[in-house]
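**Student:** can you look at this prediction? I've put the sequence above it.
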Amino acid sequence: MAWYTLHLARGLRTAGHDVFLYAQRMSPLADWARAEELLLNDDFDFHTTNPLELARAVRHLHATFHRFKPDVLNPHCPPGHALVAWVNRSRGLPVVRTVAEPRPPKSNLINRWIHERRTDAMIYSTASSLPRYRTAFRFARQIEEVIHPGLDLALFPAVATENWRARLNVPAHALFGAIVARLSPEKGQELLIEALALLSPAERNQFVVLLTGDDNRQRSAADLRALAQNRGVVDSLRFESRLADVRPLLAEIDVGIITSVRSEAVCRIALEYMAYAKPIISTDVNILAEVVRDGVNGWSVPVGDAAAMANALRRALTERDRLPMIGESGRTLVETEWSLSQQTAQTVSLFQRLLVEHA
């Protein structure tokens, strides 16, 4: 959600629009926005239940609306949505709620008032969110639109190799894959381990996959390594902590792998694989069913299906000569359907439509 918000703000500014960003105190979004020199306020904890803190946030929002004079209010998180709905009662500005997280909303009285009475439009980063919100709320007049996240390809130029194959001792004959994700259970790295165990020894010998990401309180690299050892596939895996810059790695791998079982309302790593023209083997959870088109820019498998994942790995081996072409198809999709300029243009179009209706 933070990545979607930041890139939209950057895209709007690049397109010539003024953007004022409210961000949670001490959040990654606040740090990123400050580095981008966006107009920013991150003085508040929008998750607080302290009435004094909430009153202070309301006063500051009123003052910002008066000074900045926004045309559209576009909250991206539930607490911000609630505050904007309250502060906007006397102003009547268009309110657009952007949903870029996979959690279902709470269907209580206050939340229904916010969505059904105080919201003019809904933007979803993935079509998979539509049924979750339509089940919870009755949208009679609201515009609903799926606007996919967009990648700024200028941030993903050709990069110098860092010789990851040599550093990780990947044999020349092996396909080199990677899962770039934190090691939390929703990222599902054990699916790859189970899939590798279903391959024959000869097939498994042709794959090396790097798992890179931070340990999680629920699971660590040591836990996954132990599982791989138990399943007899540890020789096909390598482990690294989170990389400060993944671009040299992405430029060098043969295939990007995503094993998520939950989450993925945005999944920026899929777009980053595609930016470097890498085929993707992925589960079909949430937005991934829209990003990865089976047989076009990679292979899509049902969530949690180790046999299907093993078959996708086999297809990558048997169609090895086609991998560059499949990767280029992904690059073309980013350029034509998943670009930041396209995301920005669709968002501006929706904003302008609302402004005409509110004129």
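**Tutor:** Thanks, I have it.

**Student:** tell me the pLDDT at Asp31?
**Tutor:** Asp31 carries a pLDDT score of 94 in this model.

**Student:** please apply the same query to Thr64.
**Tutor:** As predicted, Thr64 sits at a pLDDT of 88.

**Student:** list the contacts of it.
**Tutor:** The contact partners of Thr64, taken as C-beta atoms under 8 Å, 6 or more residues apart in numbering, are 20, 22, 41. Just so you know, the C-beta spots here come from the backbone N, C-alpha and C atoms, and that holds for glycine as well.

**Student:** ok, those vs Glu264, which is closest?
**Tutor:** Nearest to Glu264 among the contacts of Thr64: Tyr22, at 25.4 Å, using C-beta to C-beta.

**Student:** grab the nearest non-local neighbour of the closest one.
**Tutor:** Counting by C-beta to C-beta, 6 or more residues apart in numbering, Asn41 is the residue found nearest to Tyr22 once chain neighbours are left out, at 5.4 Å.

**Student:** pull the number of nearby residues for the one you found.
**Tutor:** Neighbour count for Asn41, taken as other C-beta atoms under 10 Å: 16.

**Student:** closest to Glu252 out of the contacts of Thr64?
**Tutor:** Sorting the contacts of Thr64 by how near they are to Glu252, with C-beta to C-beta, puts Tyr22 at the top with 38.8 Å.

**Student:** now do the helices in the stretch 1-150 of the chain.
**Tutor:** With helices called from DSSP state H, counting those that start in this stretch, the stretch 1-150 of the chain shows them at 2-14, 28-35, 51-68, 78-87, 109-112, 130-136.

**Student:** no no, the stretch 251-359 of the chain
**Tutor:** All helices of the stretch 251-359 of the chain, identified by DSSP H, counting those that start in this stretch, fall at 268-275, 288-291, 306-318, 323-337, 340-358.

**Student:** any buried residues in the first one, and which?
**Tutor:** Same thing as helix 268-275. For helix 268-275, a neighbour-count test (16 or more other C-beta atoms under 10 Å) marks 269-275 as buried.

**Student:** ok, back up a step: with mean pLDDT and distance to Ile281 added, can I get the helices of the stretch 251-359 of the chain in CSV?
**Tutor:** Rendered in CSV, the data for those read as follows (pLDDT from 0 to 100; distance: least, C-beta to C-beta, whole Å):
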stretch, mean pLDDT, distance to Ile281
helix 268-275, 98, 10
helix 288-291, 97, 11
helix 306-318, 98, 5
helix 323-337, 97, 10
helix 340-358, 96, 25
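
**Student:** between these, which gets nearest to Val72?
**Tutor:** Counting by C-beta to C-beta, and looking across all of the helices of the stretch 251-359 of the chain, nearest comes helix 340-358 at 4.8 Å.

**Student:** list the helices and strands the closest one packs on?
**Tutor:** Using 3 or more C-beta pairs under 8 Å, 6 or more residues apart in numbering; DSSP states H and E as the contact criterion, the neighbours of helix 340-358 among helices and strands are helix 2-14, strand 96-99, strand 121-124, strand 143-146.

**Student:** most tightly surrounded among the ones you listed?
**Tutor:** Mean neighbour count (mean count of other C-beta atoms under 10 Å) peaks for strand 96-99 among those, with a mean of 24.

**Student:** what lines up beside that strand in the sheet?
**Tutor:** According to DSSP bridges, strand 96-99 forms sheet pairs with strand 121-124 (parallel).

**Student:** now do the strand it pairs with, average pLDDT.
**Tutor:** 98.

**Student:** can you show me the CA trace of that strand as PDB?
**Tutor:** Written as PDB, here are the backbone C-alpha positions of strand 121-124 (Å, rounded to 0.1, in the frame of the first residue of the first chain):
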ATOM      1  CA  ALA A 121     -15.400   6.700  -5.600                       C
ATOM      2  CA  MET A 122     -13.400   3.500  -4.900                       C
ATOM      3  CA  ILE A 123     -10.100   2.700  -6.500                       C
ATOM      4  CA  TYR A 124      -8.900  -0.900  -6.200                       C
END
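
**Student:** so what's the gap between that strand and the chain middle?
**Tutor:** Strand 121-124 sits 16 Å away from the centroid of its parent chain (C-alpha atoms, centre = their mean, to the nearest Å).

**Student:** equivalent analysis for stretch 213-230, please.
**Tutor:** Taking the mean of its C-alpha atoms, stretch 213-230 sits 23 Å from the chain's own mean (C-alpha atoms, centre = their mean).

**Student:** same check on stretch 297-315?
**Tutor:** Relative to the centre of its chain, stretch 297-315 is centred 21 Å away, using C-alpha atoms, centre = their mean.

**Student:** what about the strands in the stretch 151-300 of the chain?
**Tutor:** Secondary structure of the stretch 151-300 of the chain, counting by DSSP state E, counting those that start in this stretch: strands at 175-180, 207-212, 237-240, 255-258, 280-283, 298-301.

**Student:** pull the contacting residues for Ile193.
**Tutor:** Neighbour list for Ile193: 224, 227-228, 231, 233, 237 [criterion: C-beta under 8 Å, 6+ apart].
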